[in-house]
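# Turn this into a model:
(chains A and B)
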Amino acid sequence: MPDLKPYIVLGLAVGGVFSLSGVGIVVLYRATAVLNLAYGAIGAVGALLAYSLTTGVGLSMWLSVAIVVVFCGMLSLVYGTFFGAAFALREPLVKMIGTLAVLLILLGAMSMIWTSQAYSLTLPTTNWSFRVSGVNVTGTQLIGLVLGVAVTAATAALLRYTKLGAGMRALADDRQAAAILGVPVRRVEAAAWLASGLLAGVTGVLLSNLVAFDAADLTFLVVPALAAAVVGRLQSLWLTLIGGLVIGVIQSCVTAFNSVSDYSAATPFVVAIVVMLWFARRRSTIVRV
Amino acid sequence: MKRVAPRTGVTSLTVSACIALMLAACGSSSTNSSSAGAVATSSASATPADASTSGPTAKCGAGTGKPATGTPITISGLVTNQPGLEGFTDSTDMISDYFKCVNADGGIHGHPVKYTVYQDQVNPQLAKQLGSRLLAGHPDAIIDGISVLDCAVNLPTYGQLGYYVIGVGVTNDCFVSPYFAPVNIGAGSSSIATAQYLASQGVKKIAIYTSNQPGAALINQGVADFARSKGIQISTNLVNVPISNANAVALSMVNTAGSGGGVIVNFNPPETVQVLQAVVQQGLQSRVKWGCPSGCNDASVVKSIGSAWNGKIGINAEFKLPEDGGPDGNLLLQIAKQYGAPTDAFAEMGFLAARIATTAMLSLPASKLNQPGINAAFRAINSFKTDLYCRSWYYGSFPYHLADNVVSTLTIQNGKLAPSQGCFSLAATPTNHLAQIRAYERANGL
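Model (predicted):
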């Protein structure tokens, strides 16, 4: 039996970023009922743009990151303003397919602009590390974990204690009723699109350091984030946080066992399916009682 | 008016999310835009030499310096282009640019070459459709780029129609057909060569990690066969890409190889960079010996992983570095500079395929520049010499093909690729049929 402590430490770091992505997806879904499949692609654009700004234009790393985070927020906001509003009264499945189109467009654009060569974007925090349980934990990994928890807590507080958060919760309950009661629907939805895009930018840059720096890889890293959101039933931020961390840790620990490491990519699916079955079983039990 | 009530539809939407998860996962292996692309001839002129290269520079074509204006010679090929298999189009980009240079330099006895590329994916139906489309154009010859499925799906048909293909071999099918002569050794033999490097470093155990794609198990099997023949312990591993936690994979690699062991990192460039950077983050470069097949023979990879790997990794080189200063290497660099083509190992494969084909076509009289004549000329090649190979290349009539079976090893010095081991013979294993191939070479004086 291999020593799993190092794998747990490494899994928590990546899991924190999965959680961060999941929170971005859940926040948008709660306010707009849009399940954003393009979340990873927006982050991928941000990461590649940061590379170009740093190596091509010569901007400092942190300035580049700040610019691309804002850019991703604006990209998301533009889609939400024009297409989100147009799809507002359509079925959730239609809204979701709209974001699939965005994903494909962005993926194609990235393939054209940033060709197939290998890229590298190293945040200064990646060069700083300390040892925990026999592994080097970099500053970027620590940021991934801390940011995941911090953003979850901050978002939960925002939803609970602010007027904007109350508006988002009202939209999540009933969009039409919220509009009748005076909730500024468009403004609240725009805020959700913007916040989700900002988080996509942050996670894109972090994942390019922690996981992969490739347009397709980053785009489809939305998979574990979606699984984390499913764990939270697209409602609970704290369960989404836990879901992301669990997926990150299990995926990392599976890597330690050669006999099953080939299946580590299936971890998000397995976790999502188990949670779905558990919720379904729990509900049917309640009905029987 | 329809009402949207997210809360009441949470369960159904959660199910939708699960479907979305599966859609997204499918997309990772099958979605991309290009279905087919045409690359036509160019009238751009080629400069006879490049000031940045040292030593003589070979000529692309006839060397007249005049653009070719005759009836085009039509050549087509397939290449794979999809997320997760990036870089394969570098091969056909270079083939296309090479023929631009040929056309600007007199062409083939005054005839320009029109090269058409069809971009497939790891989808047999699409590969079959594009193979049929290629044949519908009745090309005079076929020069393939790096297509994962073309050999498996279309090669028997090409053979029946009289084509003798020159191309880049990916799966085993490309190496066991009389109708396809690969200019490269393929990922399987490149991995065996990397294992030979690790064996020369005295490792007690080899752990190979290969990205999980068609033919990957056979690649690992070849290394396992070699390791066992040398009494070295072996651990074979397939890794699904994208890699979700490269640090964990790096840690697992070192733990699996153990003290005194060696690891073969066998991924495409983006994943290779990801894993090797994770190795550096964890400070594991010196814990084991590291080797990498020719996917690492890529300037962008070396630039990305940097000088932290100086002297700490052996990289198999199917071909010599273009920067070594030979005439063909200089020509490759000149074409890359003039037309913007890449210079990595995949591009070098394309360069060699185009150069071999051009040399064969130039040997023909103008009256034989047709499909039967050109394909017969391809098949008759028995000693193509270039400074980019360790030995001469041939087509031959043997059903097994691995003409490039003497290779070398590079390492990283001062953040750049540099020679590490001189030319050595690739080890024969049951998967590469090299024992039979060498017997054929001896019997035919090749």
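# List the buried residues of the helix or strand residue A:195 falls within.
Using DSSP states H and E, residue A:195 maps to helix A:185-210. Within helix A:185-210, the residues that count as buried by 16 or more other C-beta atoms under 10 Å in any protein chain shown are A:185, A:188-210. The way it works is simple: take the backbone N, C-alpha and C, and place the C-beta from them, glycine included.
# Read off the pLDDT value for residue 158.
This is for chain A. Here, the pLDDT recorded for residue A:158 equals 90.
# The chain in question should be chain B.
Model confidence at residue B:158 (pLDDT) stands at 96.
# Check residue B:34 too.
Residue B:34 is assigned 29 on the pLDDT scale.
# Likewise for the one 4 residues further on?
In this model, residue B:38 is scored at 31, pLDDT.
# Residue B:54 too?
According to the prediction, residue B:54 has pLDDT 64.
# Report the separation between the closest residue to residue A:17 other than its chain neighbours and residue A:275.
Of all residues not flanking residue A:17 in the chain, residue A:144 sits nearest, at 4.3 Å (C-beta to C-beta, 6 or more residues apart in numbering or on different chains). Counting by C-beta to C-beta, to the nearest Å, the gap from residue A:144 to residue A:275 is 22 Å.
# Between those two, tell me which one has more neighbours.
residue A:144 (28 against 21; other C-beta atoms under 10 Å in any protein chain shown).
# That one: what secondary structure?
Classification of residue A:144 using DSSP: H, G, I helix; E, B strand; the rest coil returns helix.
# How many neighbouring residues does the residue in chain A that chain B sits nearest to have?
In chain A, no residue comes nearer to chain B than residue A:216, which is 2.8 Å away by C-beta to the nearest C-beta. When neighbours are defined as other C-beta under 10 Å, residue A:216 has 27 of them.
# Next: residue A:60.
11.
# give me every residue that touches it.
For residue A:60, the contact set (C-beta atoms under 8 Å, 6 or more residues apart in numbering or on different chains) comprises residue A:54.
# For it, give me the pLDDT.
For residue A:60, pLDDT reads 91.
# got it, and residue A:239?
Confidence score, pLDDT, at residue A:239: 93.
# these two touch, right, it and residue A:227?
No: counting by C-beta atoms under 8 Å, no contact exists between residue A:239 and residue A:227, whose distance comes to 11.9 Å.
# Comparing these two, which residue is more hemmed in?
residue A:227 (27 against 20).
# residues contacting residue B:201?
Neighbour list for residue B:201: B:262, B:289, B:314 [criterion: C-beta under 8 Å, 6+ apart].
# any idea of the pLDDT on the spatially most central residue of chain B?
Nearest to the mean C-alpha position of chain B, counting by C-alpha atoms, centre = their mean, stands residue B:346 at 4.5 Å. Per-residue pLDDT puts residue B:346 at 87.
# give the contact list for it.
B:87-88, B:90-91, B:94, B:146, B:168, B:298.
# Could you give the number of residues near residue 246?
I'll assume chain A. 20.
# The intended chain is chain B.
Count around residue B:246 with other C-beta under 10 Å applied: 26.
# Phi, psi for it please.
Dihedral pair for residue B:246: phi -60, psi -30, per degrees, to the nearest 10.
# Can you name the residues that contact it?
The contact partners of residue B:246, taken as C-beta under 8 Å, 6+ apart, are A:210-212, B:274-275, B:277-278.
# Kindly report the same for residue A:46.
A:68-69, A:71-72, A:200-201, A:204-205.
# between those, which is closest to residue B:446?
Distance to residue B:446, by C-beta to C-beta, is smallest for residue A:204 among the contacts of residue A:46, at 52.6 Å.
# Show the pLDDT at that closest one.
pLDDT recorded at residue A:204 is 93.
# where's the residue nearest to the centre of chain B, which helix or strand?
Counting by DSSP H and E, residue B:346 is part of helix B:345-362.
# Which positions within the next helix or strand after that helix qualify as buried?
Next along the chain after helix B:345-362, taking DSSP H and E as the criterion, comes helix B:371-379. For helix B:371-379, the neighbour count (16+ other C-beta under 10 Å) marks B:371, B:373-375, B:377-379 as buried.
# do the same with stretch A:4-11
A:6-11.
# Before we go further, residue B:424 is sitting in a strand, right?
Yes: assigned with three-state DSSP, residue B:424 falls within a strand.
# My understanding was that it contacts residue B:406; is that so?
Yes: at 6.9 Å, residue B:424 counts as touching residue B:406 under the criterion of C-beta under 8 Å.
# who in the stretch 101-250 of chain B is up against chain A?
Counting by C-beta under 8 Å from any C-beta of the partner chain, the positions of the stretch 101-250 of chain B adjacent to chain A are B:212, B:235, B:237-249.
# What segments of the stretch 1-150 of chain B are helices?
For the stretch 1-150 of chain B, the helices defined by DSSP state H, counting those that start in this stretch cover B:10-30, B:89-104, B:124-136, B:150-160.
# which one is residue B:256 nearest to, not counting chain neighbours?
What sits nearest to residue B:256 in space, not counting adjacent residues and going by C-beta to C-beta, 6+ apart, is residue B:207, at 4.3 Å.
# swap in residue A:80?
Once flanking residues are discounted, residue A:80 sits nearest to residue A:193: 2.9 Å by C-beta to C-beta, 6+ apart.
# how about the one you found, what does it touch?
Neighbouring residues of residue A:193 by C-beta under 8 Å, 6+ apart: A:28, A:32, A:76-77, A:79-81, A:84.
# roughly how far out does the helix holding residue B:346 sit from the chain middle?
Helix B:345-362 sits 13 Å away from the centroid of its parent chain (C-alpha atoms, centre = their mean, to the nearest Å).
# bridging residues for residue B:79?
Beta bridges link residue B:79 to residue B:119, judged by DSSP bridges.
# Where does the residue nearest to residue B:256 sit: helix, strand or coil?
strand.
# Alright, I will stop here.
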